[in-house]
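Trainee: Need coordinates for the following:
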Amino acid sequence: MRQPVSCARGIEIRMDTLLSPMPNAFNFSASPFDCLASAERQLVRASVDIGYFREGAIILEPGVQPAYLFVVIKGHVRQLDGEEFVNSYGPDDCFDGRALVAGQVSSRFIAAEEVLVYQLARQAVTDLILRNAAFGAMLFADLSKKLSTLAERDSQHELQSLSLARVEQAVVRPASIVDGETDIVSVVKLFQEQRTSNVLVRDARTDPPRLGVFTTTGLQRAILHGTPLAQLPVRELASFSLVSVRPGDRLFDALALMIRHKVHRVVVADGERIVGFLEQLDLLSFLSNHSYLITRQILEAQSVEALAQAAEHITRLIGLLHRGGTQVSLIARLVQELNAQLFERAWQLIAPADLVDNSCLFVMGSEGRGEQLLKTDQDNGLVLRDGYVCPHDLAAICQRFSDALADFGYPECPGHIMLSNPQWRLAAQEFGHAVRRWLLMPDAESLMALAIFLDAHAVCGDASLLEQVRAEVFKLVTDNDVLLARFAAAIDAFENVSGWWNRLFALGDGGKDRLDLKKAGSFPLVHGIRSMALEMRLPQTGTVDRIEALVAAGKLPAEVAPELVDSLHFFMEMRLKVGLDELETGRDNGRSVDLSKLSSLERDLLKDALGVVKRFKAMLRHRYRLDLL
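Mentor: Here you go, the predicted model:
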């Protein structure tokens, strides 16, 4: 005969009355217990008991002193602050760690159905916190600290990746400095003696003296110059537009700079002191992928067809970086740079040179914000210089560009927000008129167009044309409270998915519920920040850059910013996982995540991130008085 099981509140039940059998062993693979050492796990085994609560039973209530940390084995628990639903806990989730630290419960925890839990004694939890810092951080910390702790736990692996490596860890080649009057023949002799391919050039004619670089690639220009090489000063052929990094900068940032400026090396400078050169080839030793080869493929492509392979390699690179532990924010930055190179080269191959010079090709949406990872719908446009006489076949040229991107794997935009649509290829003045119409007649369609345009980022041509149009937005938005409120109200555009708090632990459907990460999480966060950026007329297009600018301007509390950034990156990480799974399995999940397949830690982090969004939306509703609309 089975022995009774002791439970909280003095309730005793017999195990044969439970709807499911007694668990065989404590699940140490669930967070935060997965970070415990062998002796610490033994402490848990010696200090844990089993508890049972009937549906509707109050497990904890405000004001009581908790005696246990509860870990759900079966069933679901609801957390309420007053009458407001706060959180839900399912199998492998634990609560209420914060109350154990505070010594008093502040919320009410109710069994939403029959609940079976582990009860870990308070003294054992205290001992574990003292012994294992990671356990305490994962148990009690907010979203930012949890993600930081995860990064530290994985640091041994990630230190091998480019995401955490610093410039000073790579091979930095010493740099020789020559006077600008030194002749080319003497410089070539220096190349041979020091087995180098570049020197820094100091031009003392300016005040202060300027510093440039001369490389072996300049020898061809020197020969064609016509002046005898022994009489030709190196300053005449040196490039004085140096791209530099600091020793403590991330290698990933150095790589992004090389891609953006189309250079094969950067100068490493520690303040005024020149440390040397970081060559792109030396960066390759830190890579487990071929990002450099992708860049070369793009730049050297002589046909649109040749670019298709580079576009495919970008997708493979994303998977490699993700599996290698690279931070999602860094992956997104590299993808933005590579995609910009891809779109720029495609446009140069398709459009006549004079059209390229007299226009600005720009991207919008997540691509414009630098938050795109895997390929999504095309969102792009073209600003033409006022007075420029366009080619007679402009429509066909733009259509070929849209078709090329579709061949690269970027689907056509369902709303036709792309330069193959005449409404998105206009002269600067005409584009300005369109923007004014969006602002002065703010219906749902025009506000959507405005939101998309605010994220516009130039990728080819004259970027000043885009800035000219963007300035029209800032001219009219000043103190327009009604417009700002209607614009910000889009944070509730998907309010019909507000049941995500409950759907995290769907009851009665086997846990086969799905959650649209964009609608429930990333969109209200991104658009809320976009609304505040519009109010402040900020030029930044990236969400993180906008958050930093809003904090600097005193318009966003500094303590809120890290939570918003971490939540955004968490949503991006989750969507990347979904997207990579689609590529591997061939299943189209749309942007949704299968909640039943999340680990306990992923569910915990998702709840934290959605909680951040919920609080941020409440702040925005108050700020823009959205309840009055």
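Trainee: which residues does the closest residue to V187 other than its chain neighbours contact?
Mentor: The shortest distance from V187 to any non-neighbouring residue, by CB to CB, 6 or more residues apart in numbering, is to V234 (5.1 Å). C-beta here means a position set from N, CA and C on the backbone, and glycine is covered the same way. V234 makes contact with 178, 180-184, 187, 199, 201, 214 under the criterion CB atoms under 8 Å, 6 or more residues apart in numbering.
Trainee: Just the buried residues of those residues.
Mentor: 178, 180, 182-184, 187, 199, 201, 214 (16 or more other CB atoms under 10 Å).
Trainee: now, which of these sits nearest A39?
Mentor: The nearest member of the buried ones among the contacts of V234 to A39, counting by CB to CB, is V199 at 59.9 Å.
Trainee: Is that closest one part of a helix or strand, or is it coil?
Mentor: Assigned by DSSP: H, G, I helix; E, B strand; the rest coil, the conformation of V199 is strand.
Trainee: Spit out the contact partners of it.
Mentor: Contacts of V199 by CB under 8 Å, 6+ apart are 175-178, 187, 190-191, 213-214, 234.
Trainee: Can you list which of those are found in strands?
Mentor: 177-178, 213-214 (DSSP state E).
Trainee: wait, doesn't A112 sit right on V77?
Mentor: Yes. Using CB atoms under 8 Å, A112 is in contact with V77, at 6.4 Å.
Trainee: Any chance of a markdown table for the contacts of V234, columns distance to L583 and pLDDT?
Mentor: Putting the contacts of V234 into a markdown table (distance: CB to CB, whole Å; pLDDT from 0 to 100) gives the following:
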| residue | distance to L583 | pLDDT |
| --- | --- | --- |
| V178 | 51 | 93 |
| G180 | 53 | 91 |
| E181 | 57 | 93 |
| T182 | 54 | 94 |
| D183 | 56 | 94 |
| I184 | 51 | 91 |
| V187 | 50 | 91 |
| V199 | 46 | 92 |
| V201 | 48 | 93 |
| F214 | 45 | 92 |
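Trainee: What is the nearest of these to I73?
Mentor: Using CB to CB, V199 is the member of those that sits closest to I73, with 69.2 Å.
Trainee: Show me what the closest one bridges to in the sheet.
Mentor: F214 (DSSP bridges).
Trainee: shared neighbours, A112 and V77?
Mentor: S88.
Trainee: Which one's more surrounded, the two?
Mentor: More crowded of A112 and V77, by other CB atoms under 10 Å: V77, with 25 against 17.
Trainee: In the sheet, which residues pair with that one? Tell me.
Mentor: Y89, A111.
Trainee: ok so, going back, just send the contacts of V234 back as JSON lines, with distance to F277 too.
Mentor: Listed next are these as JSON lines, based on distance: CB to CB, whole Å:
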{"residue": "V178", "distance to F277": "14"}
{"residue": "G180", "distance to F277": "18"}
{"residue": "E181", "distance to F277": "22"}
{"residue": "T182", "distance to F277": "18"}
{"residue": "D183", "distance to F277": "22"}
{"residue": "I184", "distance to F277": "20"}
{"residue": "V187", "distance to F277": "15"}
{"residue": "V199", "distance to F277": "10"}
{"residue": "V201", "distance to F277": "13"}
{"residue": "F214", "distance to F277": "12"}
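Trainee: Out of those residues, which comes closest to K555?
Mentor: Checking those one by one against K555 (CB to CB), the nearest turns out to be V201, at 45.3 Å.
Trainee: Not counting residues beside it along the chain, what's closest to the closest one?
Mentor: Nearest to V201 is A238, by CB to CB, 6+ apart, at 4.0 Å.
Trainee: does that neighbour really touch V213, like I thought?
Mentor: Yes. Judged on CB under 8 Å, A238 makes contact with V213 at a distance of 6.3 Å.
Trainee: Name the residues contacting each of the two.
Mentor: What both A238 and V213 touch, as defined by CB under 8 Å, 6+ apart, is the set V201.
Trainee: so who does the residue nearest the centre of the chain touch?
Mentor: When CA atoms, centre = their mean is applied to the chain, the residue found nearest the centroid is S329 (3.8 Å). Going by CB under 8 Å, 6+ apart, S329 touches 544, 569, 572.
Trainee: what's the neighbour count on the second one?
Mentor: By that I understand H569. Residues lying near H569 (other CB under 10 Å) number 19.
Trainee: Give the helix, strand or coil label for it.
Mentor: helix.
Trainee: Also the first one?
Mentor: Judged by three-state DSSP, the three-state class of V544 is helix.
Trainee: quick one on the thing from earlier: adding distance to Q378, write the contacts of V199 out as JSON lines.
Mentor: Shown next, in JSON lines, are those (distance: CB to CB, whole Å):
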{"residue": "A175", "distance to Q378": "43"}
{"residue": "S176", "distance to Q378": "47"}
{"residue": "I177", "distance to Q378": "47"}
{"residue": "V178", "distance to Q378": "48"}
{"residue": "V187", "distance to Q378": "47"}
{"residue": "L190", "distance to Q378": "50"}
{"residue": "F191", "distance to Q378": "46"}
{"residue": "V213", "distance to Q378": "38"}
{"residue": "F214", "distance to Q378": "42"}
{"residue": "V234", "distance to Q378": "46"}
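Trainee: Out of those, the closest to E305 would be?
Mentor: V213 (35.1 Å).
Trainee: okay, P208: pLDDT?
Mentor: pLDDT recorded at P208 is 87.
Trainee: Then E168?
Mentor: As predicted, E168 sits at a pLDDT of 80.
Trainee: What ranges does the stretch 401-550 of the chain have for its helices?
Mentor: For the stretch 401-550 of the chain, applying DSSP state H, counting those that start in this stretch gives helices covering 428-440, 444-454, 463-477, 481-488, 500-503, 517, 523-536, 543-552.
Trainee: still on that earlier bit, turn the contacts of S329 into JSON lines, columns for distance to G554 and pLDDT.
Mentor: What follows is these, written out as JSON lines (distance: CB to CB, whole Å; pLDDT from 0 to 100):
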{"residue": "V544", "distance to G554": "18", "pLDDT": "94"}
{"residue": "H569", "distance to G554": "24", "pLDDT": "91"}
{"residue": "M572", "distance to G554": "27", "pLDDT": "92"}
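Trainee: returning to what we had before: just checking, which of the helices of the stretch 401-550 of the chain comes out with the lowest mean pLDDT?
Mentor: helix 500-503 (a mean of 47).
Trainee: My guess is I397 contacts V356. True?
Mentor: No. Applying CB under 8 Å as the test, I397 and V356 come out as separate, 10.5 Å apart.
Trainee: hang on, the earlier thing: could you say which helix or strand contains the residue nearest to the centre of the chain?
Mentor: Applying DSSP states H and E as the criterion places S329 in helix 328-350.
Trainee: got the CA coordinates for that helix in PDB?
Mentor: In PDB, the C-alpha atoms belonging to helix 328-350 read as follows (Å, rounded to 0.1, in the frame of the first residue of the first chain):
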ATOM      1  CA  VAL A 328      21.700  37.400 -32.900                       C
ATOM      2  CA  SER A 329      22.300  41.200 -32.900                       C
ATOM      3  CA  LEU A 330      25.700  40.600 -34.500                       C
ATOM      4  CA  ILE A 331      24.300  38.200 -37.100                       C
ATOM      5  CA  ALA A 332      21.600  40.800 -38.000                       C
ATOM      6  CA  ARG A 333      24.300  43.500 -38.400                       C
ATOM      7  CA  LEU A 334      26.400  41.300 -40.700                       C
ATOM      8  CA  VAL A 335      23.300  40.300 -42.700                       C
ATOM      9  CA  GLN A 336      22.400  44.000 -43.200                       C
ATOM     10  CA  GLU A 337      25.900  44.800 -44.600                       C
ATOM     11  CA  LEU A 338      25.900  41.700 -46.900                       C
ATOM     12  CA  ASN A 339      22.400  42.300 -48.100                       C
ATOM     13  CA  ALA A 340      23.200  46.000 -48.800                       C
ATOM     14  CA  GLN A 341      26.200  44.800 -50.900                       C
ATOM     15  CA  LEU A 342      23.900  42.300 -52.700                       C
ATOM     16  CA  PHE A 343      21.200  44.800 -53.500                       C
ATOM     17  CA  GLU A 344      23.700  47.500 -54.500                       C
ATOM     18  CA  ARG A 345      25.500  45.200 -56.900                       C
ATOM     19  CA  ALA A 346      22.200  43.900 -58.400                       C
ATOM     20  CA  TRP A 347      21.000  47.500 -59.000                       C
ATOM     21  CA  GLN A 348      24.400  48.400 -60.600                       C
ATOM     22  CA  LEU A 349      24.200  45.500 -62.900                       C
ATOM     23  CA  ILE A 350      20.500  46.200 -63.900                       C
END
